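Participant: take this sequence and fold it.
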Amino acid sequence: MDAVLRTGARLLAEDPRTTIATIAAEAGVDRRTIYRRFAHREALRDAVFDTKLDAIDAVLEDARLDSAPVAVALHRFVEGIIPVVRRYPFDPDEMHSDPESYRRLLNQREQIASFLQRAIDEGLIRSDLSDGMAVALLQQLITLLARQFRDHDPARAADVAVDTLLRGIGRN
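Facilitator: Predicted coordinates for the structure are as follows:
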């Protein structure tokens with residue numbers, strides 16, 4: 001079923017009107033196989049959302065954002081999240097349709113925001129940035145590295161993200 005979820009994630013991200021038949025063909029299964037598990041496209045989409053959120057929860061736990069040194073936690077988080085974003089390229093804001101998924105998404109975002117606030121409090125990120133800027137920069141770095149720089153393995157992408165977020169892109 002993982003192949004169906006991954007294929008569904010990719011195709012639905014490209015075109016939300018993609019049919020179950022198209023997803024099944026691309027995943028190499030019969031459409032009846034998908035319909036036995038998911039009554040309709042929206043049920044498959046919701047399953048993809050839940051699977052992505054589960055993967056993000058695992059990354060957040062593994063990164064130890066609340067206890068590991070900031071640079072270490074940031075690296076672990078980015079290295080873990082890059083494959084999740086690549087595997088499930090859905091825009092997280094599309095999760096509004098399912099209140100439970102959206103609540104989980106907001107909780108995950110709060111964990112990341114709290115972590116970045118810790119980085120600010122420890123002096124690793126500038127304290128004079130506008131509210132939410134550090135979070136937005138991290139999200140954009142992850143999106144850029146996951147989608148446009150697919151040749152970077154997750155560890156290399158994490159190196160770039162940590163260096164860029166904590167040191168900037170200027171010459172030192």
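
Participant: give me the low-pLDDT residue ranges for this protein?
Facilitator: 93, 95-97, 169-172 (pLDDT under 70).

Participant: in this structure residue 122 contacts residue 69, no?
Facilitator: No. With contact defined as Cβ atoms under 8 Å, residue 122 does not count as touching residue 69 (9.0 Å). For the C-beta atoms, the positions are set from N, CA and C on the backbone; glycine is no exception.

Participant: tell me how far the closest residue to residue 127 other than its chain neighbours lies from residue 165.
Facilitator: Nearest non-adjacent residue to residue 127, counting by Cβ to Cβ, 6 or more residues apart in numbering: residue 120, 5.2 Å away. Per Cβ to Cβ, to the nearest Å, residue 120 is found 12 Å from residue 165.

Participant: which residues are in contact with each of the two?
Facilitator: Residues touching both residue 120 and residue 165 (Cβ atoms under 8 Å, 6 or more residues apart in numbering) are residue 134.

Participant: look at those two and report which has more neighbours.
Facilitator: Shown here are residue 120 and residue 165; by other Cβ atoms under 10 Å, residue 165 has more neighbours (19 against 16).

Participant: now do the buried residues in the helix or strand hosting that one.
Facilitator: For residue 165, the host element (DSSP states H and E) is helix 154-167. Going by neighbour count (16 or more other Cβ atoms under 10 Å), the buried part of helix 154-167 is 154, 157, 158, 161, 162, 165.

Participant: next one: phi and psi at residue 123?
Facilitator: With angles defined as degrees, to the nearest 10, residue 123 sits at phi 80, psi 10.

Participant: to what extent is it buried, counted in neighbours?
Facilitator: Burial of residue 123 is recorded as 9 neighbouring residues (other Cβ under 10 Å).

Participant: quick revisit: which residues does whichever strand or helix holds the residue nearest to residue 127 contact?
Facilitator: Using DSSP H and E, residue 120 falls within helix 99-121. Among residues not part of helix 99-121, those counted as contacts by Cβ under 8 Å, 6+ apart are 46, 49-50, 53, 56-57, 60, 65-66, 70, 73-74, 77, 92, 95-96, 125-127, 129, 132, 134-135, 138, 166.

Participant: out of those residues, which are buried?
Facilitator: Among those, those classed as buried by 16+ other Cβ under 10 Å are 46, 49-50, 53, 56, 60, 65, 70, 73-74, 77, 92, 95, 125, 134-135, 138.

Participant: let's see which of those residues end up in helices.
Facilitator: In helices, defined here by DSSP state H, the members of the buried ones among the contacts of helix 99-121 are 46, 49-50, 53, 56, 60, 70, 73-74, 77, 134-135, 138.

Participant: distance to residue 27 for the residues you listed - can I get that in JSON lines?
Facilitator: Converted to JSON lines, those look like this (distance: Cβ to Cβ, whole Å):
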{"residue": "46", "distance to residue 27": "17"}
{"residue": "49", "distance to residue 27": "18"}
{"residue": "50", "distance to residue 27": "18"}
{"residue": "53", "distance to residue 27": "21"}
{"residue": "56", "distance to residue 27": "22"}
{"residue": "60", "distance to residue 27": "28"}
{"residue": "70", "distance to residue 27": "40"}
{"residue": "73", "distance to residue 27": "35"}
{"residue": "74", "distance to residue 27": "34"}
{"residue": "77", "distance to residue 27": "29"}
{"residue": "134", "distance to residue 27": "38"}
{"residue": "135", "distance to residue 27": "34"}
{"residue": "138", "distance to residue 27": "32"}
